[in-house]
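Participant: Sequence first, predicted model second:
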Amino acid sequence: MEFRSHMDIALEEARAAALRGEVPVGAVVVAPSGAVVARAGNRTRELNDPTAHAEILAIRAACAAAGSERLAGHDLYVTLEPCPMCAAAISAARIGRLYYGAADPKSGGVAVGARVFSHPQCHHVPEVYDGIAATEAGAMLKDFFAGRR
Ligand SMILES: [Zn+2]
């Protein structure tokens, strides 16, 4: 099967999050069949919930839809490098492949910081592909934070 990126949907979710006044990050979960089973953007402010990151909300919705705490063979697309909390959730959910956009040197937990997937305690490591539509995802974040100053 030919590879088809779903980062465009994640970027749409990020854009919608920015319009809600949330940090513009979007995530999409894709089933092994190629079907999009969940999509979400950040809602930490709206829900008064520091764990309501796009990845967590998308994983929750995908698990609910699957009726399972695990998403083996599923792919997760997210516009920004996941933080340590989300990386741990991605591992716990047994996500097969992680595609992310912009690097997050400040709060990321994959390539920098806690490097969750490189830790010996990490029992499931997804395949990781970074830099997917990174320019667009990064520009959105930059604009958002520039506009708040
Ligand atoms: Zn996170």
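Facilitator: Perfect, I can see it now.
Participant: which secondary structure elements does the worst-scoring helix or strand of the chain on mean pLDDT contact?
Facilitator: When each helix and strand of the chain is scored by mean pLDDT, DSSP states H and E, helix 134-148 comes last, with a mean of 93. The helices and strands touching helix 134-148, judged by 3 or more Cβ pairs under 8 Å, 6 or more residues apart in numbering; DSSP states H and E, are helix 7-19, strand 75-80, strand 97-102. Heads up, the C-betas are built off the backbone N, CA and C, glycines and all.
Participant: Report the angle between the first one and helix 134-148.
Facilitator: In terms of direction (axes from the mean of the first three to the mean of the last three Cα atoms, to 10 degrees), helix 7-19 departs from helix 134-148 by 0 degrees.
Participant: how far out from the middle of the chain is the very next helix or strand once past helix 7-19?
Facilitator: Going down the chain from helix 7-19, the next helix or strand is strand 26-30, by DSSP states H and E. Averaging C-alpha positions (Cα atoms, centre = their mean, to the nearest Å) puts strand 26-30 6 Å from its chain's average.
Participant: Tell me which other helices or strands strand 26-30 touches.
Facilitator: helix 7-19, strand 36-41, helix 54-66, strand 75-80.
Participant: how about the residues of the chain near the ion?
Facilitator: 53, 83, 86 (Cβ under 5 Å from the ion).
Participant: Please, a PyMOL command that selects the buried ones among these?
Facilitator: A single PyMOL command suffices to select whichever of these are buried according to 16 or more other Cβ atoms under 10 Å:
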select buried, resi 53+83+86
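Participant: now, which of the residues of the chain next to the ion sits nearest residue 42?
Facilitator: Of all the residues of the chain next to the ion, residue 53 has the smallest distance to residue 42: 6.0 Å, by Cβ to Cβ.
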